[in-house]
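S.K.: Fold the stuff below for me.
(one chain, ligands or ions: 1)
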Amino acid sequence: MSGFSIEWLNLREVSDHRARDKDLLKTAVDWLNNLKAKDKVIVDLGSGTGSTIRGLQRYTTLTPSIQWRLVDNDPGLLAEAIHRHSEEYSIESFLVDLSETQKLPLKSVSLITASALLDLVSENFIRDLCQLIKEKNESQPVGFYSTLNYDGCIKWTPFHPLDASILMNFNADQRRNKGFGPALGPDATDFLTRQFHCAKFQCLSAKSPWLLGPADYLLTESLINGISGVAIKTDGLTNSDILDWKTFRMKNIRTGTCFLGHTDILVLPNSLARYR
Ligand SMILES: C[S@@+](CC[C@H](N)C(=O)[O-])C[C@H]1O[C@@H](n2cnc3c(N)ncnc32)[C@H](O)[C@@H]1O
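M.R.: I've put the predicted structure just below:
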């Protein structure tokens, strides 16, 4: 068990899919569809139950010959993904700890994807992954499409005077080690973009926030529980402050709103002409 339950991933999926930047999504899929490669392999890192597959299915038309490789360290999530998609795709699962980057199944890959993952990882992981992508691009075009990376911004309505302090605690916790070394949290996409600052790649990014309203109250409720749980474990606020904030947020859950910022990133090799 990774700590990411099927229930939590189900709960967030509608908001995740709504939030993904659709232009970037379409650009990624068009690039893949136009690629002159014999096998088109997508490797989804931290796949969970296969939300990336469903996100792509919902808004684009993928060439049917796509082969999916799903990588996760949670066998239960991988089994659920295979259960949901094995009849429609050529799909394999890989029980691998992502931090062991040399074990990633990247042979003949065309597109590496990840969703809601990069904020969990460290500088070292991103450096290693980017290096692998650069090396792969010496012999074949490989793109990288990573969505829903938390950017450190949460705004609530109605306002509560402790919103800023609670957010500061939450963002400090985002840097906790999640199995890869100190996490980059909200800095992950900037760090990744800097790795590709060279003429050989273009790096596109777009905002993809959750815009949660009354209809999304179950996800908002889970978020409030998570954020206040983190605040209790972090220094700076008293338990009674946190309880006050939590009670206020829960009371307004059916009428208030929550904006939670994310960034989507698409990295493509520049010299497309070479590969077409
Ligand atoms: C926030 S969930 C996102 C899941 C899925 N991509 C989605 O969008 O629903 C993060 C995923 O990364 C996986 N994960 C976290 N740390 C990992 C590690 N060290 N190795 C492999 N997978 C990991 C978790 O099991 C989980 O499936």
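
S.K.: The closest residue to the ligand within the stretch 151-276 of the chain: neighbouring residues, count only.
M.R.: Closest residue of the stretch 151-276 of the chain to the ligand, CB to the nearest ligand atom: Gly179 (4.3 Å). (Glycine included, C-beta is placed from N, CA and C.) When counting by other CB atoms under 10 Å, one arrives at 15 neighbours for Gly179.

S.K.: Three-state assignment for it, please.
M.R.: coil (DSSP: H, G, I helix; E, B strand; the rest coil).

S.K.: Also Ala206?
M.R.: Following three-state DSSP, Ala206 is assigned to strand.

S.K.: Excluding chain neighbours, give the residue nearest to it in space.
M.R.: Asp21 (3.6 Å; CB to CB, 6 or more residues apart in numbering).

S.K.: wait, what's in contact with the closest residue to the residue of the stretch 151-276 of the chain closest to the ligand other than its chain neighbours?
M.R.: Nearest residue to Gly179, sequence neighbours excluded (CB to CB, 6+ apart): Ser99, at 6.2 Å. Residues in contact with Ser99 (CB atoms under 8 Å, 6 or more residues apart in numbering) are Phe125, Gly179, Phe180, Gly181.

S.K.: Could you check how far Ser99 is from the ligand?
M.R.: Note on Ser99: its distance to the ligand, by CB to the nearest ligand atom, to the nearest Å, is 5 Å.

S.K.: Could I get the full set of helices for the stretch 51-200 of the chain?
M.R.: With helices called from DSSP state H, counting those that start in this stretch, the stretch 51-200 of the chain shows them at 51-59, 75-85, 123-136, 163-173, 188-195.

S.K.: how about those in CSV, adding mean pLDDT?
M.R.: Output for the helices of the stretch 51-200 of the chain, formatted as CSV (pLDDT from 0 to 100):
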stretch, mean pLDDT
helix 51-59, 95
helix 75-85, 98
helix 123-136, 97
helix 163-173, 96
helix 188-195, 96
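
S.K.: As TSV, these with distance to His262 and mean neighbour count would be great.
M.R.: Below are the helices of the stretch 51-200 of the chain laid out as TSV (distance: least, CB to CB, whole Å; neighbours: other CB atoms under 10 Å):
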stretch	distance to His262	mean neighbour count
helix 51-59	13	19
helix 75-85	20	17
helix 123-136	17	17
helix 163-173	14	17
helix 188-195	9	18
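
S.K.: Export those helices to JSON lines and append columns for distance to Lys251.
M.R.: Shown next, in JSON lines, are the helices of the stretch 51-200 of the chain (distance: least, CB to CB, whole Å):
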{"stretch": "helix 51-59", "distance to Lys251": "31"}
{"stretch": "helix 75-85", "distance to Lys251": "34"}
{"stretch": "helix 123-136", "distance to Lys251": "40"}
{"stretch": "helix 163-173", "distance to Lys251": "15"}
{"stretch": "helix 188-195", "distance to Lys251": "33"}
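
S.K.: Now tabulate those in JSON lines and tack on distance to the ligand.
M.R.: Shown next, in JSON lines, are the helices of the stretch 51-200 of the chain (distance: least, CB to the nearest ligand atom, whole Å):
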{"stretch": "helix 51-59", "distance to the ligand": "3"}
{"stretch": "helix 75-85", "distance to the ligand": "5"}
{"stretch": "helix 123-136", "distance to the ligand": "9"}
{"stretch": "helix 163-173", "distance to the ligand": "15"}
{"stretch": "helix 188-195", "distance to the ligand": "13"}
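
S.K.: returning to what we had before: phi, psi of the residue nearest to Gly179?
M.R.: As for Ser99, its main-chain torsions (degrees, to the nearest 10) stand at phi -70, psi -20.

S.K.: cool, and Gln174?
M.R.: Backbone torsions of Gln174, given as degrees, to the nearest 10, read phi -60, psi -20.

S.K.: That one and Val121 touch, don't they?
M.R.: No. Taking contacts as CB atoms under 8 Å, Gln174 lies outside contact range of Val121: 11.4 Å.

S.K.: out of these two, which sits in the busier spot?
M.R.: For Gln174 versus Val121, neighbours defined as other CB under 10 Å are more numerous around Val121 (28 against 19).

S.K.: so who does the more buried one touch?
M.R.: Val121 sits next to Leu98, Lys178, Phe180, Ala183, Leu184, Ala188 when contact means CB under 8 Å, 6+ apart.
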